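# What follows is a protein structure lacking sequence information:
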């Protein structure tokens, strides 16, 4: 093998090693972030209790989507008509409630 080939192989090995290190750092950082998020959810459940945390989560998402629907109601009424605007006003909180159910299902069971 000539010197250029050896240099190319060394650089390729160094690049692979560097990529593995970056990947390991990324996964380690992700695990730390996941643990921090889990600890926040546990603290939330500990503060409000399981039922309280579920109710607060559902209410938060439903109210957020209701507020969004109210904010865009006038534009929606003008663009799509009253019927469509009222339909969006009704179903936006329902959609938010669905997201709230999904989020509440992810809350940990803490004793």
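Ah, there it is. None of these values were measured; they are calculated from a predicted model.
# how near is residue 76 to residue 19?
Residue 76 sits 49 Å away from residue 19, going by C-beta to C-beta, to the nearest Å. Every residue, glycine included, has its C-beta placed from N, CA and C.
# More neighbours: those two, which one.
residue 76 (19 against 10; other C-beta atoms under 10 Å).
# and the nearest residue to the more buried one once chain neighbours are set aside, how many residues sit next to it?
Here the nearest residue to residue 76 in space, its sequence neighbours aside, is residue 85; by C-beta to C-beta, 6 or more residues apart in numbering that works out to 4.2 Å. Using other C-beta under 10 Å as the criterion, residue 85 is surrounded by 19 other residues.
# which residues sit in contact with residue 85?
When contacts are counted by C-beta atoms under 8 Å, 6 or more residues apart in numbering, residue 85 is found next to 73, 76-77.
# Just say helix, strand or coil for it.
For residue 85, the reduced secondary structure class is helix; criterion used: DSSP: H, G, I helix; E, B strand; the rest coil.
# so how far is residue 40 from it?
Here the criterion is C-beta to C-beta. By it, residue 85 lies 37 Å from residue 40.
# now residue 46
According to C-beta to C-beta, residue 46 and residue 40 sit 11 Å apart.
# Residue 80 now?
On the measure of C-beta to C-beta, residue 80 and residue 40 end up 39 Å apart.
# repeat for residue 6
If you go by C-beta to C-beta, the gap between residue 6 and residue 40 works out to 51 Å.
# Confidence-wise, which helix or strand of this structure is lowest on average?
helix 82-105 (a mean of 89; mean pLDDT, DSSP states H and E).
# Now do the buried residues in it.
Within helix 82-105, the residues that qualify as buried by neighbour count (16 or more other C-beta atoms under 10 Å) are 85, 88-89, 92-93, 96-97, 99-100, 104.
# longest single helix anywhere in this structure?
Looking across the chain with DSSP state H, the single longest helix is helix 3-80.
# Show me what it is packed against.
If contacts are counted by 3 or more C-beta pairs under 8 Å, 6 or more residues apart in numbering; DSSP states H and E, helix 3-80 sits against helix 82-105.
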